[in-house]
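S.K.: Predicted model and sequence below, questions to follow.
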There are 4 protein chains.
Amino acid sequence: MNKIPVSVLGATGAVGQRFVEMLVDHPYFEIVSLTGSERSAGKQYGQACRWVLSGSVPEQVREMEIQPTSTNLPGKVAFSALPAPIAREWEPKLAEVGYAVCSNASALRQTPGVPLLIPEINYDHLSMIPLQHSELGWKGLAVTSPNCTTNGIAMTLKPLDDAFGVEAVFVSTMQAISGAGYPGLASLDIQDNVIPFINGEEEKIQTETNLLLGKMKDGRRVNAQIQISAHANRVAVLDGHTMALSVKFRHKPSVDDAIHVLENFRGLAEVQQMPTAPQQPILVRRDPDRPQPRRDRDAGNGMSISVGRIRPCTLFDLRMVSVVHNTVRGAAGGSVLNAELLYARGFLAE
Amino acid sequence: MNKIPVSVLGATGAVGQRFVEMLVDHPYFEIVSLTGSERSAGKQYGQACRWVLSGSVPEQVREMEIQPTSTNLPGKVAFSALPAPIAREWEPKLAEVGYAVCSNASALRQTPGVPLLIPEINYDHLSMIPLQHSELGWKGLAVTSPNCTTNGIAMTLKPLDDAFGVEAVFVSTMQAISGAGYPGLASLDIQDNVIPFINGEEEKIQTETNLLLGKMKDGRRVNAQIQISAHANRVAVLDGHTMALSVKFRHKPSVDDAIHVLENFRGLAEVQQMPTAPQQPILVRRDPDRPQPRRDRDAGNGMSISVGRIRPCTLFDLRMVSVVHNTVRGAAGGSVLNAELLYARGFLAE
Amino acid sequence: MNKIPVSVLGATGAVGQRFVEMLVDHPYFEIVSLTGSERSAGKQYGQACRWVLSGSVPEQVREMEIQPTSTNLPGKVAFSALPAPIAREWEPKLAEVGYAVCSNASALRQTPGVPLLIPEINYDHLSMIPLQHSELGWKGLAVTSPNCTTNGIAMTLKPLDDAFGVEAVFVSTMQAISGAGYPGLASLDIQDNVIPFINGEEEKIQTETNLLLGKMKDGRRVNAQIQISAHANRVAVLDGHTMALSVKFRHKPSVDDAIHVLENFRGLAEVQQMPTAPQQPILVRRDPDRPQPRRDRDAGNGMSISVGRIRPCTLFDLRMVSVVHNTVRGAAGGSVLNAELLYARGFLAE
Amino acid sequence: MNKIPVSVLGATGAVGQRFVEMLVDHPYFEIVSLTGSERSAGKQYGQACRWVLSGSVPEQVREMEIQPTSTNLPGKVAFSALPAPIAREWEPKLAEVGYAVCSNASALRQTPGVPLLIPEINYDHLSMIPLQHSELGWKGLAVTSPNCTTNGIAMTLKPLDDAFGVEAVFVSTMQAISGAGYPGLASLDIQDNVIPFINGEEEKIQTETNLLLGKMKDGRRVNAQIQISAHANRVAVLDGHTMALSVKFRHKPSVDDAIHVLENFRGLAEVQQMPTAPQQPILVRRDPDRPQPRRDRDAGNGMSISVGRIRPCTLFDLRMVSVVHNTVRGAAGGSVLNAELLYARGFLAE
């Protein structure tokens, strides 16, 4: 099979690097272009990029010349790890002229018609895509993946919401430093410390969870109405966000009921067959002190979320803890999975 | 003035060492005896003790011979950092025969007549002490200091409860490794990690907060009835517990009202004069990203708690973040302050 | 092909776990028995073992019952991660009655006739094995892998020694916490700290390097005579030992000569074909700030060492930095590779 | 006594903050001016400065307006924490027009006539100062404090050099992140890692040690001729540089001789009386695993260095380990002590 040529926008940043790592040997996609800032454009990727992941810049892209982001990129698929303001400028332009934009940026997450997508939990939101043509006038299309923390929260809540109806959620996060990009947090700020503030994060959690758990009606998304109070904190962990949750349901489940529902969640069979999809999107841990970010972030190659400590709540119904790999499932991996779903559904055909 | 001779029970552990550090130059008290396990007894303190604090074993006690815990200790005041089962055995015995026991252990925290005490917030609970004589038959007495995390929570809530009536609290903690004692957590467990479980901690927070905020009636404590749901987590921080709180009030305050009440809290004037008491028990931080454990744990020599990020809550009324130094205010320092209050009130007189 | 049945001795410890991880899907070997201390024996491995690696106890061994170490183990190959005193007792007994012992313990490292082995650099030391029969009276045999740090030092020096003759070495190490086993270092000791002392480590580096670089003569090993001064330090890194080296040669090479020799080192072709062998045992890094333990420990699946910052020395001839994955190449992986060489050479045939 | 008015140049950076912390309550000096970059100038110090130390910006300077660095600063003493290129521009100008510049920057460290000064070990280098007038034409003067690592090395070597003659030194450092300033190292680079490279550091160690241990002859410094090979590494420690040293002497001392000389070192009696001077500039630790940066950096309020693990070297004569607080003794504290010596010697009189 001929691979589909793709670009990675904002390829030198921390999330851009994850895109490159996940796409260099991808069975469907082939990187043909990497974009970067003015400062990087014209340089070889291996030179311009301070590789923050394990090992080194992959050989296949080491000498690829970084392009400025433009509407002249080869191929018709663009994975975006652009910084927010740049994304706001370029993502609509690219979608307008015909690219399929799979974005991890926040720019288009709330744009009507643009799915905020996690294939296992709301693949049906793809049916909004025609609105991008009819209402936004785009020749191409865009799908977005949610904020890294919200990803783990929404995946945890979805099967529970379907079974028992989620009404309200308290969540306190302990987020990894890689979530802040590179250079991101100064070591002098986070070493031996907790920073109980992440700009805009609590709002994103509160908003995006309701987008992700929204239901489609007449071709449009009706957002969910879960009340959420979030406390966002940064801790000295490299990768893997941890969330402590208290959840209130319409129909209160027992601990065993909740475990049963989470353990048996698989998502759409079609999604399970996709190359980046994990065998199980949600893994339930029964050890009393799991999940833990260092030990559970790599479950399912970083694409499974781990849920544990499911126990009664003295105020709401249940307490639990989730861990999501923030730069894999919660960022680049999520967008790659989105692209695989677009491919499976024929959105990327010529 | 002649100093009052005191013993430190369980002096070789992490909290025992803090007692030693805080008592070697104390204006009222003089260490005359240090107790330890069978394995340590008979050895010099400087030999038997693996000093985990900064610097070295203080010169004054370096060659003091460790005693077994017994009812033959010199003096009549005993600071206890005993492990729970040993405390359960020895603390009542010592109180029975006439010692004034100032304990940081959990053994007697729920014993009727024994105050769970934070001088700034519930000094009036001292009026329970006569019950120790009349109902327990003790010649001496005991006061206890609360669980380290609960200390910070109760101090944060007290002025708010007095002003606005606290009804319910969600709290998610990020606790320092020193809270687990020495050797405590294996570095292989906590490095680059979060452990979302601390055995018994959530229950202690839920119970002890209501003891601390209880009101005295007819010489007995009537516990408060605040509903609390706690999520306890361990993070890679040396000292300083961080708590993210959502609070529901009977009379909803504005953010400014809450700040005003917290900033103006001073506790009893008599307590403010005590040697270990901080100028302000509660410091309000207005920077958006404070308090932080590394930067705020040493406020007021580790005896002030810091509260910040006071903001509306989307589910309850207010969210906020508190930091308490877990081995100073939350352990040894709390018990020393308790002893200073006993001294001021004449309980330690011959 | 029928896999060879093997036992892992001391399977519940940190290195034992790495053995399990590397052997559960091994093409030649199949775990049929796991041994543990009296406390663990009789329990299921998944129950008795506190898994310190990523993920969980592999399914294949989760319910395997832990045996006491004995000479009645099934199969004839035993991988040993026994603690030193237990290894001293059992490894010779097992070799005596006919087992092939592939040990990571220090017990037999200096026993005459027992190769201290790194397949890429001194496979010819296998020719000592007949002495184990003739002089020790063993029906079986034993090979040992070196101390984790020494492994990286000897691999770095070997090609340079062959080409230029190594005379003297200063080495200062920065070693990972996993090298101390589990529970190993208390987090209160190593967090935000360096511990400039590892018991016995400097002596092992000085001795074992000369065993590894020894030459065979008349069927016996003649130890090398390199003068080594080692400074061993523990740092807050999970996995991966870093060594700063100053090396004096008989024939001083240029920096380029040294890089050339290191980059072209491959070891015996036969070894390169073995399943656990990396493509390149030594990787030369040219970036000014590499190798780094977190980014380079996993090179070649943890079996390649990385060498960089090769530059002139103002006192000796060259300075350089090496990184070795201490629990893979430097422990379990090294012993598995040794067993693969034994297999290839026919030592494990019935 | 009227305090001497002083300026802190580059006051918003990490070292500038230490200057502020050490000078706000200084018995001789009073901060009257703080300078910063164009971006900061005109703002209040408490606003412009991201405080990286414990606690908050001291009250006394919180509302002080930041000035641009200029030759119109009030008072005649300037403490400099300027970045290297700015220091090269402004320090000579200020000295030229009459200021006494006490600098922690590297700009003037090698300028003939400018002492590189550690009061306890080379106060006699002050006798170079007249050359600044006669040869550089300055109305004022400048003294510099050395690179933070070199500080600890030179202090360790000085008493040994005086007694036994130091000929050659291998040193491998493990340096704290605060040495890189703020924001300095990205947490993604140093968490769970070692970076075996610090730009320019090895050269500074090799050069500045010989300046510090130089001897005065005919009013000029004759540099020492110690051969030094340095390996500089960054580790995940907040404060406190650790150095592993191998030292070769003209007259080989026993371990006990070396300990005796180090333990009895006091420096000039006049220096011992100065407010910032520690009781003992060098503390010898006899525990097998000390000094450690976290536990020993604060010795003597961060002004004492700690030396331990003094033992034979298999290549040179002795091995040992030193710890220095890099931002106190090794930076701001060193310069404040230099200023106190200038004051004591009358250089700061009108």
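M.R.: All right, it came through fine.
S.K.: which residues touch residue A:286?
M.R.: Contacts for residue A:286 (CB atoms under 8 Å, 6 or more residues apart in numbering or on different chains) come out as A:259, A:308. Using the backbone N, CA and C atoms, a C-beta is placed for each residue, glycine as well.
S.K.: Let's verify it: helix, strand, or coil?
M.R.: Assigned state for residue A:286: coil (three-state reduction, DSSP: H, G, I helix; E, B strand; the rest coil).
S.K.: same check, this time on residue A:307
M.R.: On the three-state scheme (three-state DSSP), residue A:307 is labelled strand.
S.K.: Can you name the residues of the stretch 51-200 of chain A that neighbour chain B?
M.R.: A:168, A:170, A:172, A:174, A:191, A:192, A:193, A:194, A:195, A:196, A:197 (CB under 8 Å from any CB of the partner chain).
S.K.: now for these, which pair is the farthest apart?
M.R.: A:168 and A:191 (35.6 Å; CB to CB).
S.K.: More neighbours: which of these two?
M.R.: With neighbours defined as other CB atoms under 10 Å in any protein chain shown, residue A:168 and residue A:191 compare such that residue A:191 has more, 25 against 17.
S.K.: Surely the more buried one is in contact with residue D:187?
M.R.: Yes. Counting by CB atoms under 8 Å, residue D:187 is a contact partner of residue A:191 at 7.0 Å.
S.K.: quick one: common contacting residues for those two?
M.R.: Both residue A:191 and residue D:187 are contacted by residue A:236, under the criterion CB under 8 Å, 6+ apart.
S.K.: wait, what's in contact with residue A:126?
M.R.: Contact analysis of residue A:126 by CB under 8 Å, 6+ apart lists A:115, A:117, A:143, A:341, A:342, A:345, A:347.
S.K.: The longest helix along chain A - contacts with which helices or strands?
M.R.: Taking DSSP state H as the criterion, chain A has its longest helix at helix A:148-164. Applying 3 or more CB pairs under 8 Å, 6 or more residues apart in numbering or on different chains; DSSP states H and E, one finds that helix A:148-164 contacts helix A:119-122, strand A:166-174, helix A:201-212, strand A:241-249, helix A:255-263, strand A:282-284, strand A:305-312, strand A:318-324.
S.K.: Which among those is found nearest to residue A:88?
M.R.: Residue A:88 lies closest, by CB to CB, to one member of the helices and strands packed on helix A:148-164: helix A:201-212, at 15.3 Å.
S.K.: Just the mean pLDDT for the closest one, thanks.
M.R.: Mean per-residue pLDDT for helix A:201-212: 97.
S.K.: which residues sit against it?
M.R.: Defining contact as CB under 8 Å, 6+ apart, one finds that helix A:201-212 is touched by A:106, A:109-110, A:116, A:118, A:121-122, A:146-147, A:149-150, A:153-154, A:157-158, A:169, A:171, A:173, A:175, A:221, A:223-226, A:228-232, B:314.
S.K.: Following element in sequence after that helix, please.
M.R.: strand A:215-217 (DSSP states H and E).
S.K.: how many neighbours does the residue of the stretch 151-300 of chain A found nearest chain B have?
M.R.: Closest residue of the stretch 151-300 of chain A to chain B, CB to the nearest CB: residue A:172 (3.3 Å). By the measure other CB under 10 Å, the count of residues near residue A:172 is 27.
S.K.: ditto for the one 10 residues further on
M.R.: Residues contacting residue A:182 under the criterion other CB under 10 Å number 21.
S.K.: just checking, it touches residue D:188?
M.R.: Yes. Contact between residue A:182 and residue D:188 holds when scored by CB under 8 Å: they sit 5.3 Å apart.
S.K.: Next, show the common contact partners of the two.
M.R.: By the contact definition CB under 8 Å, 6+ apart, residue A:182 and residue D:188 are jointly contacted by A:14, A:52.
S.K.: Top of the contacts of residue A:126 by number of neighbours, please.
M.R.: Busiest of the contacts of residue A:126 [other CB under 10 Å] is residue A:115, holding 31 neighbours.
S.K.: what residues are up against that residue?
M.R.: Residue A:115 sits in contact with A:122, A:125, A:126, A:128, A:129, A:143, A:144, A:221, where contact means CB under 8 Å, 6+ apart.
S.K.: Try it again at 6 Å.
M.R.: For residue A:115, the contacting residues are A:125, A:126, A:128, A:143, by CB atoms under 6 Å, 6 or more residues apart in numbering or on different chains.
S.K.: What backbone torsions are found at it?
M.R.: Main-chain torsions, residue A:115, degrees, to the nearest 10: phi -70, psi 140.
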